[in-house]
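Enquirer: fold the following and give me the result.
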Amino acid sequence: MTLEEVTTVQKPVERAQCTGQALAEALETAKATDCLTIGVYESAKVMNVDPDSVAFCVLATDEEFECDIALQIHFTLIQSFCFDNDISIVRVSDMQRLAEIVGDKAEQLEDAHCVLITNPTEGSWEDPALEKLHLFCEESRSLNDWVPEITLPER
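Expert: The predicted structure is shown next:
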């Protein structure tokens, strides 16, 4: 079944929930395989050194985002870099929930504004949840929604 067939069968709310669940699953898988880069500056370094290693990008906003011009500029640069390098990118509006998913229980994440899912150093890595996200992003781009927003599922 293609994404188009799924979306014609699913209602928009169901589709959003499905996509949010797929994002959570992809992040958890990447965390378990040590394929996450967390933080705006750390992500920028990885993108600069090895853009081919980046499989997916998540930008997270919170109340701080509206007031932080530097963060908005970083987001614009990261988005541009992702577009130039054919990296799928989404935005989530709940940075705290994203930090819960990608963080360690003992560690308090201060900067989960940008999270990259990277390819492993050895072998190929295929994740059905990540494939769903790539299809979702591709479809969104065809509708001129270049950075679609996804709602992460509650615990």
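Enquirer: quick one: mean pLDDT over stretch 75-88.
Expert: Averaging pLDDT along stretch 75-88 gives 95.
Enquirer: can you list contacts of that stretch?
Expert: Around stretch 75-88, the neighbours that count as contacts under CB atoms under 8 Å, 6 or more residues apart in numbering are 40, 43-44, 47, 51-52, 54-57, 59, 65, 89, 113-114, 133-134, 137-138, 146-147. Where you see a C-beta, it was placed from the backbone N, CA and C, and this is true even at glycine.
Enquirer: quick check: buried residues in it?
Expert: Using 16 or more other CB atoms under 10 Å as the test for burial, stretch 75-88 gives 75, 78-79, 81-82, 87-88.
Enquirer: could I get those residues in TSV, plus columns for secondary structure?
Expert: What follows is the buried residues of stretch 75-88, written out as TSV (DSSP: H, G, I helix; E, B strand; the rest coil):
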residue	secondary structure
F75	helix
I78	helix
Q79	helix
F81	helix
C82	helix
I87	coil
S88	strand
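Enquirer: A60: what's it in contact with?
Expert: Residues near A60 by CB under 8 Å, 6+ apart: 91-95, 98-99, 112-115.
Enquirer: give me the next element, helix or strand, following the longest helix seen in the chain.
Expert: In the chain, with assignment by DSSP state H, the single longest helix is helix 12-32. The first helix or strand that comes after helix 12-32 along the chain, using DSSP states H and E, is strand 36-38.
Enquirer: so for that following strand, what's the average pLDDT?
Expert: Here the average pLDDT along strand 36-38 is 94.
Enquirer: neighbouring contacts of it?
Expert: 27, 30, 43, 46, 102-103, 109, 111-112, 114-118.
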